[in-house]
Structures are given as C-alpha cells and as structure tokens.
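Chemist: Sharing a model that was predicted from the sequence below.
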Amino acid sequence: MQVLGTIRLDKKTKNLAKRLKPGEIALINHVDIDSTAARMLVEAKVAAVVNAARSCSGRYPNLGPKVLLDARIPLIDGAGESLFDDIKEGEQIALRDGQVCRGDQVIAQGELLDKHSVNRQLNDAKNNLGAELEHFAENTLTYVTREKSLLLDPAILPDVATNINGRHALVVVRGESYKEDLAIIRSYINDVRPVLIGVDGGADALLEIGLKPDIIIGDMDSVSDNTLSCGAELIVHAYASGESPGLKRIQNLGLSAKICSVPGTSEDIALLLAYEKGAEMIVAVGTHSHLIDFLDKGRRGMSSTFLVRLKVGNRLVDAKGVSKLYRVQPSGRHAAALGLAALIVVIVIIALSPAVQDHIHTVTDRLRSEFWHVWIRMRMWER
C-alpha cells in the first residue's frame with residue numbers, strides 16, 4: 001500500500017474532520033475510534049488515516065476501524081504521539097505499508113490494519129464486555145447516589161420562547177446513523193412539524209437538509225458559525241461550576257444565548273428540555289441507545305444519559321421506530337387528485353391504442369352509414 005498526500009493533524013477527530021479536504025491524509029490521536037468519528041472521516045473522503053493511538057484497545061468492540069476499512073480507507077495504527085511533533089500541518093507525506101515517510105525518510109512506524117486483523121481485535125474485545133459492563137454499572141450507581149435529583153426532581157432549565165408543550169419534539173445528535181434516520185422520517189417531519197432541537201453538530205445536520213432548528217443546545221464546539229446564526233434559540237451547556245467556554249464563541253459572533261448547567265451531556269439537556277417543557281412525544285435521532293453507544297463515548301458522564309433515558313422513556317421513541325409506526329395518510333383532496341390523474345392516464349392509453357382506434361373508426365363508419373340511410377329514407381318520404 002502506498003498513499004501520497006497532504007497531511008492534516010488534530011488530536012480531536014471531530015475538529016479535524018471539519019478541515020479535511022478530499023484526498024488528504026488525516027493524523028489523529030483517538031483511542032478506540034468510534035463509528036461516528038470514523039463516518040466523519042469517511043464523509044470527508046480522506047485518502048488514509050494515521051492514528052497515533054490504538055484504534056482498538058481491546059476494552060470493548062468499537063466499530064470505527066471497521067467503518068474505515070469498509071470504506072476502503074487505509075488505516076495505520078499505533079504510530080506514536082510523537083508524530084504530532086515531527087510533522088507539520090500541510091506537509092506532503094507518503095504512507096508505505098505501516099510506515100509514515102517524508103520523502104525517503106521514515107518518520108514513524110505503525111501497523112497497517114486490514115479486515116482480518118480488525119475482526120480479530122473485535123472478537124478479542126468482545127470477551128472484555130462483561131468487565132466493561134460492570135464498570136459502567138458501578139459508575140451509574142455512583143452517579144445515581146450523587147445526582148439522584150436528576151432522576152427524581154424537575155430539572156432546572158432555562159425558559160424558551162419556542163412553544164414545546166403538547167407538540168412533538170425532534171432531538172438530533174450527530175451520532176450513529178443520524179443521516180439515515182433523518183432521511184427515513186422526512187415525511188413525518190413535513191407532516192407533523194415537530195419542534196427541531198439540534199445538539200451541537202446535530203443542528204448542522206438539520207440545516208444541511210433544509211430544516212432550520214428551533215433550538216440549538218451544546219458546548220458550541222462542533223457546530224458551524226452559519227448554523228449558530230440561523231435564528232435558533234441558543235442554550236450553552238455550562239459546567240457544574242457555572243463556567244461556560246462556549247458562551248465566548250457565541251458572544252464573538254454577536255449572538256445571545258442562555259446558560260444551562262444541568263449535570264450530564266448536552267444530549268441529556270436536550271431530552272430533559274423537551275420532557276420538562278411538555279413535549280407530547282420525543283423523537284431521537286443519532287442519540288445513544290445501546291451499550292456500545294455508551295461505551296463509545298468513553299467517559300463516566302454517560303451514566304447521566306442512561307438515567308435521563310429512564311426518566312423520559314415514556315415519551316421517547318427512536319427515529320427508526322417512528323419510520324415503522326408512522327405512515328403518511330393522504331387527504332381527500334390528494335386522493336381525488338390522484339384518482340383524476342390515474343383516470344386521465346387510462347383515457348390517454350386507451351385513446352392511443354391502435355386496437356381501440358380501429359374499433360372507434362369502425363363504430364364511426366357504421367354510425368355514418370346508418371345516418372346516411374336514414375337521411376335517404378326521409379328524403380324519399382318527403383317526395
């Protein structure tokens with residue numbers, strides 16, 4: 001394997017994905033690449049990925065490496081964090097098998113992963129799922145003890161101008177299969193007109209398909225300036241201390257935002273906001289819903305997401321479930337228009353059929369002949 005190209009580097013994959021151009025090489029430092037980050041690299045159409053860290057540490061079966069290889073993107077694993085000091089952004093780099101080269105000079109050596117090695121790592125990691133589940137359960141119990149008010153009491157949330165009470169709310173997170181989920185429920189969105197809540201980059205996802213979010217919630221570190229300026233209500237997720245780094249960015253754009261320091265993730269705040277403000281149903285796109293999703297986040301804070309889903313569960317439904325339950329019901333006007341269109345098509349087909357045309361000519365000739373004979377008889381009778 002040999003790949004030549006310009007290299008772009010960032011220790012945060014989601015930040016790097018915004019700057020990448022098709023055909024460039026991505027240098028990341030991402031232990032256990034999750035499927036969402038991998039899809040961002042695929043969508044950027046990179047020529048190859050060099051990971052300074054282990055793409056699959058064996059802690060749990062993360063799917064990111066498989067996503068990259070399925071997209072036929074070469075992945076060099078474990079190249080070493082020192083590579084960030086040895087390479088400058090924009091350099092022309094050559095990848096030869098597991099080597100990272102500047103001309104003929106070998107800068108770093110990693111392992112070129114293939115489908116066989118990735119499948120072996122995933123199978124080995126599956127054996128560790130039991131231990132990871134125990135750790136996750138312990139973290140969740142600790143969180144329940146410390147933050148039980150999140151589950152039992154109403155959350156302290158800012159007031160919003162958008163009317164949510166009695167309506168459906170669509171919460172979009174840039175997570176697993178978010179684009180596919182949005183596509184399959186587009187008819188639901190068009191017909192029901194739910195409140196659109198974008199969580200960080202999820203707001204970009206809405207705008208990309210022509211939908212303006214009503215509310216944007218997040219740290220504001222992975223959403224574009226254009227989306228922030230679209231006119232949506234902005235809620236910045238602050239730390240428990242009240243510090244909110246994302247607020248400075250909002251102010252630099254000349255915009256205003258409300259602050260929310262509810263413990264947990266921005267996704268949690270979005271679900272709680274819809275729930276506490278009286279949403280009749282909450283439809284989730286790209287949110288975390290199963291064990292691998294939670295482990296992909298790789299942080300203790302995901303315990304809060306687990307608890308929040310327990311709290312709002314009686315109103316929460318996944319987008320894939322909506323696509324199966326919701327079917328577009330045409331109105332009487334639409335049905336009449338469809339019937340008329342079908343009738344016109346049938347008439348045109350009949351009129352253009354040679355056999356029908358021959359039959360029409362035959363009937364016309366007979367009628368003309370009968371009319372002629374009747375007319376002759378009438379003339380004779382008059383005489």
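Modeler: Thanks, I have the structure now. Keep in mind the model is a prediction, meaning the values are calculated, not measured. Numbering: from 1, shown residues only.
Chemist: Next, count neighbours for D225.
Modeler: Neighbourhood size, D225 [other CB atoms under 10 Å]: 10. In short, each C-beta sits where N, CA and C put it, glycine included.
Chemist: swap that for R309, please
Modeler: For R309, using other CB under 10 Å, the count is 18.
Chemist: What count of nearby residues applies to the nearest residue to it once chain neighbours are set aside?
Modeler: Nearest non-adjacent residue to R309, counting by CB to CB, 6 or more residues apart in numbering: L316, 6.6 Å away. If you count neighbours by other CB under 10 Å, L316 ends up with 23.
Chemist: Contact partners for L316?
Modeler: Going by CB atoms under 8 Å, 6 or more residues apart in numbering, L316 touches L271, I282, A284, R309.
Chemist: just D221 next, same as before
Modeler: Going by CB under 8 Å, 6+ apart, the list of residues near D221 reads N15, D200, P245, G246, R249.
Chemist: tell me the domain boundaries of the chain?
Modeler: Following automatic domain parsing, one finds the domains of the chain at 2-125, 131-325, 332-382.
Chemist: JSON lines for these, including mean pLDDT?
Modeler: Formatted as JSON lines, those follow (pLDDT from 0 to 100):
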{"stretch": "domain 2-125", "mean pLDDT": "92"}
{"stretch": "domain 131-325", "mean pLDDT": "83"}
{"stretch": "domain 332-382", "mean pLDDT": "64"}
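Chemist: Show the contacting residues for the residue nearest to E43 when sequence neighbours are not counted.
Modeler: Spatially, and ignoring its direct neighbours in sequence, E43 is nearest to A17 (7.5 Å; CB to CB, 6+ apart). Listed by CB under 8 Å, 6+ apart, the contact partners of A17 are A26, A37, M40, L41, E43, A44.
Chemist: Any chance of a PyMOL selection covering the buried ones in the residues you listed?
Modeler: Buried residues among the contacts of A17 (16 or more other CB atoms under 10 Å), as a PyMOL selection:
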select buried, resi 26+37+40+41+44
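Chemist: Narrow the contacts of A17 to those in strands?
Modeler: A26 (DSSP state E).
Chemist: Name the nearest of the contacts of A17 relative to N165.
Modeler: Nearest to N165 out of the contacts of A17 is M40 (CB to CB; 35.2 Å).
Chemist: Now do the SS call for the closest residue to that closest one other than its chain neighbours.
Modeler: Nearest non-adjacent residue to M40, counting by CB to CB, 6+ apart: A17, 3.9 Å away. Three-state call for A17 (DSSP: H, G, I helix; E, B strand; the rest coil): helix.
Chemist: Which one (most neighbours) among the contacts of L316?
Modeler: L271 (31 neighbours).
Chemist: Surely it touches R309?
Modeler: Yes: L271 lies in contact with R309 (CB atoms under 8 Å); the separation is 7.3 Å.
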